[in-house]
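Just need the structure, nothing else, for what follows:
(one chain, ligands or ions: 1)
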Amino acid sequence: MSEIVKKARVKHGGSLKGRVVKVSSKKGSFETPTKAPTSTEINGKRNISFDGPFINPVFEISQRYLKKENVQNLHRKNGTFNRKISEINAYTDSLIDRYLVKYFPQIPSGIELDDRDIRILIDLQLESNINLITIPEPSNNCSSTDFHDNFTKYWEYIAEVKPTATAMPYINLKQDHNLFENKLNLLKEYEHALHTIGIKFASIREYRPNLMSLAEFSEHDFWVHCSDGRRVSNWRALSPGGQLHALQRYGIDTVSIEIPMGGGSISDKDYTTARYFNQTSVTIPKIIDSVDSEGNLECNCPICSGQNLGEVAENLKRYASTKKPLRSVVSDFSKVHEVFASTNEFEISKQKIKEDSLKEYFDEKEGLKEHNST
Ligand SMILES: [Zn+2]
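Prediction:
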């Protein structure tokens, strides 16, 4: 029995030019960069009964733990562990035959996980239908030794309990620069034995030095996935840039979004202000700003297909209620659109990387320009 991911090889690029990694697995092979849809986006699809499938090679099921106590409940409160497994499998059942499926526990940075916390999070994945197993970092800013001990211990544990699974050790982007670099260098020693590395997202501007290290690391044969991604750095901007597309410059191969908090005020009933990914500019303006002069959505993805926004909203009304205003339903529509449109845009940038013109591509995109200064 061999593990599900067979190998990851850098095919093109490196450093700040972006890169194409070919990942070979028992579920087929794919090339990066690309987007990994999450359970949040699958929920969006279910909420509006949209049947068209997402065709992506990797999916991420995420669950949010707001406090340490929520993680502890997995091993201190009967029933919690079992309930979480049922929730995970409700997603994986329809995906596991065809795709790589990973799990991400969304835990605030700063929480220190004990060994028992980490073990239960790994057992949760081993006992669910997950085939890419997240090994959480004990805490951001834990020592390199603690990081190494934790990673090697659980890598062995996973290999023993479920030899067909692939381990993905996570490093928090939010940490001291030297520590971050030391941890990356530790993983370098396992190139070609360990295939994947997970990065927990943090502010691109603030943690730029760490991203620079990651860009320099990009000559190495690892598939680097980023979870917990924030779609924009500042929602107040009129047309905030789609920063998850900027990560490809730093050697990040696949990206997943965070589970959003709340999602706007319930009193905001104006659906036209729902945010919507604009593929042409790689920005996330209000949906009303992505229609042409006749009010048609300027997107041909399977859910938009150039429809009139007013008609789309009219059709979505049946999913709205007093608890869920139309704007929130339109946001679900927008989430589904973004999976298609963002994945499609990654296909375009992948081509640009192959042509060594990622920098020029960034220059052309309003939402990516600001990430082009290095
Ligand atoms: Zn669309």
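
Pull stretch 360-374 out as CSV, backbone CA atoms only.
Below are the C-alpha coordinates for stretch 360-374, written out as CSV (Å, rounded to 0.1, in the frame of the first residue of the first chain):
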residue,chain,number,x,y,z
GLU,A,360,3.7,41.3,-17.0
TYR,A,361,0.4,39.5,-16.2
PHE,A,362,0.4,41.0,-12.7
ASP,A,363,0.9,44.5,-14.3
GLU,A,364,-2.2,44.1,-16.4
LYS,A,365,-4.4,43.1,-13.6
GLU,A,366,-5.8,46.0,-11.5
GLY,A,367,-6.1,43.7,-8.4
LEU,A,368,-2.6,42.3,-8.6
LYS,A,369,-0.5,45.4,-9.5
GLU,A,370,0.3,46.2,-6.0
HIS,A,371,1.9,42.8,-5.5
ASN,A,372,4.4,43.4,-8.3
SER,A,373,6.9,45.7,-6.7
THR,A,374,9.6,43.1,-6.0
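
Distance check, S62 against G306.
Counting by CB to CB, to the nearest Å, the gap from S62 to G306 is 32 Å. Heads up, the C-betas are built off the backbone N, CA and C, glycines and all.

try F201
33 Å.

can you pull out the strands in the stretch 51-200 of the chain?
Here the stretch 51-200 of the chain has its strands, by DSSP state E, counting those that start in this stretch, at 58-64, 100-106, 132-135, 166-172, 196-200.

So which residues make contact with the shortest one?
Under the contact criterion CB atoms under 8 Å, 6 or more residues apart in numbering, strand 132-135 has outside partners 4-5, 58, 100-105, 118, 121-122, 125-126, 150-151, 154-155, 158, 162, 165-170, 196, 198.

mind listing what's buried in that strand?
In terms of neighbour count (16 or more other CB atoms under 10 Å), strand 132-135 has its buried residues at 132-135.

pLDDT added to these, as CSV?
Shown next, in CSV, are the buried residues of strand 132-135 (pLDDT from 0 to 100):
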residue, pLDDT
L132, 98
I133, 98
T134, 98
I135, 98
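
Tell me which residue is most central in this protein.
S256 (0.9 Å; CA atoms, centre = their mean).

Report the beta-bridge partners for T134.
Taking DSSP bridges as the rule, T134 bridges to M168.

Looking at the buried residues of strand 132-135, spot the one nearest the ion.
L132 (27.7 Å; CB to the ion).

Name the nearest residue to the closest one, ignoring sequence neighbours.
Distances taken as CB to CB, 6 or more residues apart in numbering put K102 closest to L132, at 3.8 Å, once the chain neighbours are dropped.

Could you list everything the one you found pairs with in the sheet?
E60, L132.

burial of it, as a residue count?
Using other CB atoms under 10 Å, K102 has 27 other residues around it.

Can you name the residues that contact it?
K102 sits next to 36, 58-61, 130-134, 168, 225 when contact means CB under 8 Å, 6+ apart.

Closest residue of the stretch 101-250 of the chain to the ion?
G242 (13.7 Å).

V282 is in contact with that residue, correct?
Yes - counting by CB atoms under 8 Å, V282 is a contact partner of G242 at 4.4 Å.

list residues touching both of those two?
367-368.

more crowded one of these two?
Set G242 next to V282 and count neighbours by other CB under 10 Å: V282 wins out with 27 against 24.

Find the nearest non-adjacent residue to the more buried one, please.
Nearest to V282 is G367, by CB to CB, 6+ apart, at 3.8 Å.

Let me know the secondary structure of that neighbour.
Following DSSP: H, G, I helix; E, B strand; the rest coil, the label given to G367 is coil.
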